[in-house]
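Q: Sequence first, then the predicted structure, then my questions.
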Amino acid sequence: MSEKPATSGVGGARAKSLKAPTPSSAFKTSVLKRAVSSTCTKENAIPGRLATKRPKMAELAARPGLRRSMSSTTLHPQRALSSTRGPMLQASVRPAASTASLVPSAPNKRKAWDLKGRVADLEDMVKSLSGDKKELVTVNHETREQIEDLRKANDELRRRAEGKEALEVEMQSLGVALEAAKQEAATAVRRAAALQMEKSSLETTVMELTSSSAGLKTQVAALTSLYDTAKEEIEKLKVARENLEQKVARLESELEDSESTRRALHNDLQELKGNIRVFCRMRPLLQSESAAGNKPASISFPDDKNVEVVKMDPQTSRPKTMSFTFDKVFPGGSLQMDVFKEVSHLVQSALDGYNVCIFAYGQTGSGKTFTMEGPDNFDLCTGNEELVGLIPRALKQIFEISQKLKGQHWTYTLHASFLEVYNEEIRDLLVENKKGLTGCRLTTSKSDGSVAVSNTTELQVTSSDEIYQLLSHAQKNRSTGATQCNERSSRSHSVCRLRITGTNSRSGQGRKGTLNLVDLAGSERLSKSKAEGDRLKETKNINKSLSNLSNVILALSRKDDHIPYRNSKLTHLLMNSLGGNSKTLMLLNIAPTEEHLGETLTSLRFASKVNECNIGTAQQNLQ
């Protein structure tokens, strides 16, 4: 608050009665002006340097000594200044408001002529602030040391990852050497057989020639010598073959040990990241939206784990920034491959014998189906590979890895089924006639409490092309329709389920895993969608199931005794994935437009609650 000089009343009379300052008093006044000006400059510079250490500044400001010295001038800066300066100094030297808050009040009120005392007070305050500065420099140094320790730990993890890659390269090299050794052993066996036949032939010849001519004895001796040499070679080849067989057995054992170590490390890594993980992806602004004048919302991504949304606060009419943290975020320019790269680790866990669930969540038109399946009417065999969705990419990865593991004596059997939850009914999307979609029922196992679906089509698949055909057929049977919010809106929750069974012919081990890939229908507000008739019924059922999904997540986060899985078919179907014995990923999709900012914030808040949920550690399913 600015302070006006007194021009009337008592203050005015006092100003008029003052005499002209003597040279000595003028010099003291000049010294005080410079001291006050220097203090103001230092005070204004301190917040800029200490902005990054606010907690430490708060600790220093809370010290009793500094708080007592600043209390009087902080509360009444005008009264303190007017009481310590003469009328002439009050009119000529006026500190800023921030300076007044730092000037300490002396224990005894100084006289107006005690300029040296005031300068001494200011110097004491500068010394106090210098000490605080040293402490803040120490805090800064400790923080830098912590950052260096974290950087060293990161380097160590990177070196371990590089060592793992080197082991994989060495494993491939040993596999090539093994194959070459097998071929060499086969060649040796064939040579031994040929020599054996030659030996028999020579023995017969010797017997015939011995009776015919004595001159042939020399030839017989030579042939005998040749026989002995061949016999020695055969013995050497036998020894070499035994050594190669031992080496092959040792390499196969080392390969199995390496695979077991990889699975254990991979599972530890996934558990450290959390059994329920949440990713957030924002789709780019469409050309049609730009042409229609839709403005992009103020959504930014400071790093790969945080989302910031700026929205005007209706109460203060000022912009308000809201931050949300997830396991991974993908801005509007991210590619399908970028998303799948982070998801592929969970897909690998399904082959290792774990239950895995990946589901896309978000409002209608936010890009869920594009993320999970790809563009509409997309040809998986001939289309642009960059646009392929997560579901076909995950299924392709399962087939490729299962083929590679055949070299380690693993054989996998894959069974696929495609379902949808439409108006609280579970439908089979693989039937030939749409009239036969209904009739599926949920059953609960009495032994382990797991949920299964009866009366569904489950087909064994042996290649990516086979499952691509099934996926295309399921997409055609899925319920879609046009609404005010989306021209081709999914009116049901789609579930792609892959049951994986693996057996090792050498060790006798067995594993069972399940991969659930879920494309949830988008939430809609009836006021915006303006749904009527069948669309109104669909919207109500969609919102009801999504609301119950939210209730289940909240109950899990609160560790309630009762979890309302059975309140909707969707949560009942996903009970195995949400109930603890599963590695689950929620892929939140948001729209970039200002028009949908309200729904976007609702989705971000719900996803944040999911990210805080802990459902326990998933268990490996062994046979």
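A: Ah, there it is.
Q: Any figure for the gap between Q183 and A194?
A: 17 Å (Cβ to Cβ, to the nearest Å). (C-beta placed from N, C-alpha, C; glycine too.)
Q: I'd like the next helix or strand past the longest helix along the chain.
A: If you go by DSSP state H, the chain has its longest helix at helix 115-212. For helix 115-212, the following helix or strand on the C-terminal side (DSSP states H and E) is helix 217-273.
Q: relative to helix 115-212, how tilted is that following helix?
A: 160 degrees (axes from the mean of the first three to the mean of the last three Cα atoms, to 10 degrees).
Q: helices and strands around helix 217-273, which ones?
A: Counting contacts by 3 or more Cβ pairs under 8 Å, 6 or more residues apart in numbering; DSSP states H and E, helix 217-273 packs against helix 115-212, helix 336-351.
Q: Check the offset of it from the chain's centre.
A: The chain centroid and the centroid of helix 217-273 are separated by 45 Å under Cα atoms, centre = their mean, to the nearest Å.
Q: just stretch 287-296 next, same as before
A: That offset, for stretch 287-296, works out to 30 Å (Cα atoms, centre = their mean).
Q: Over to it now: how far is its first residue from its last?
A: 12 Å (Cα to Cα, to the nearest Å).
Q: How about that stretch, which residues are buried there?
A: Using 16 or more other Cβ atoms under 10 Å as the burial criterion, the residues of stretch 287-296 that qualify are E289, N294, P296.
Q: what about the last one, distance to H473?
A: It stands for P296. Counting by Cβ to Cβ, the gap from P296 to H473 is 38 Å.
Q: how about the helices in the stretch 501-623 of the chain?
A: 526-529, 534-558, 569-573, 575-578, 597-611 (DSSP state H, counting those that start in this stretch).
Q: how about these, which one is nearest N621?
A: helix 575-578 (10.9 Å; Cβ to Cβ).
Q: what's that closest one packed up against?
A: strand 355-361, helix 534-558.
Q: got a list of contacts for the first one?
A: If you take Cβ atoms under 8 Å, 6 or more residues apart in numbering as the criterion, strand 355-361 is touched by 343, 346-347, 349-350, 368-369, 371-372, 390, 394, 513-520, 546, 574, 576-578, 581-589, 603, 606-607, 618, 621.
Q: Domain parsing of the chain, as residue ranges.
A: 23-147, 274-611 (automatic domain parsing).
Q: Could you tell me the least trusted of those?
A: Per-stretch mean pLDDT for these is lowest at domain 23-147 (a mean of 57).
Q: I'd like to know how far L226 sits from Q219.
A: Distance from L226 to Q219, by Cβ to Cβ: 10 Å.
Q: With S494 instead?
A: Distance from S494 to Q219, by Cβ to Cβ: 85 Å.
Q: if you count what's nearby, which of the two comes out ahead?
A: S494 (29 against 13; other Cβ atoms under 10 Å).
Q: Thought N516 was touching the more buried one, still the case?
A: No - in this structure S494 lies outside contact range of N516 using Cβ atoms under 8 Å: 10.9 Å.
Q: helices or strands next to the helix or strand that contains S494 in the packing?
A: Per DSSP H and E: S494 is located in strand 493-504. Contact analysis of strand 493-504 by 3+ Cβ pairs under 8 Å, 6+ apart lists helix 336-351, helix 390-404, strand 410-422, helix 464-477, strand 510-519 as its packing neighbours.
Q: Show me what the third one is packed against.
A: Helices and strands in packing contact with strand 410-422 are listed as helix 390-404, strand 425-428, strand 459-461, helix 464-477, strand 493-504, helix 534-558, helix 569-573; criterion 3+ Cβ pairs under 8 Å, 6+ apart.
Q: how about 6 Å then?
A: Applying 3 or more Cβ pairs under 6 Å, 6 or more residues apart in numbering; DSSP states H and E, we find strand 410-422 packed against strand 459-461, helix 464-477, strand 493-504.
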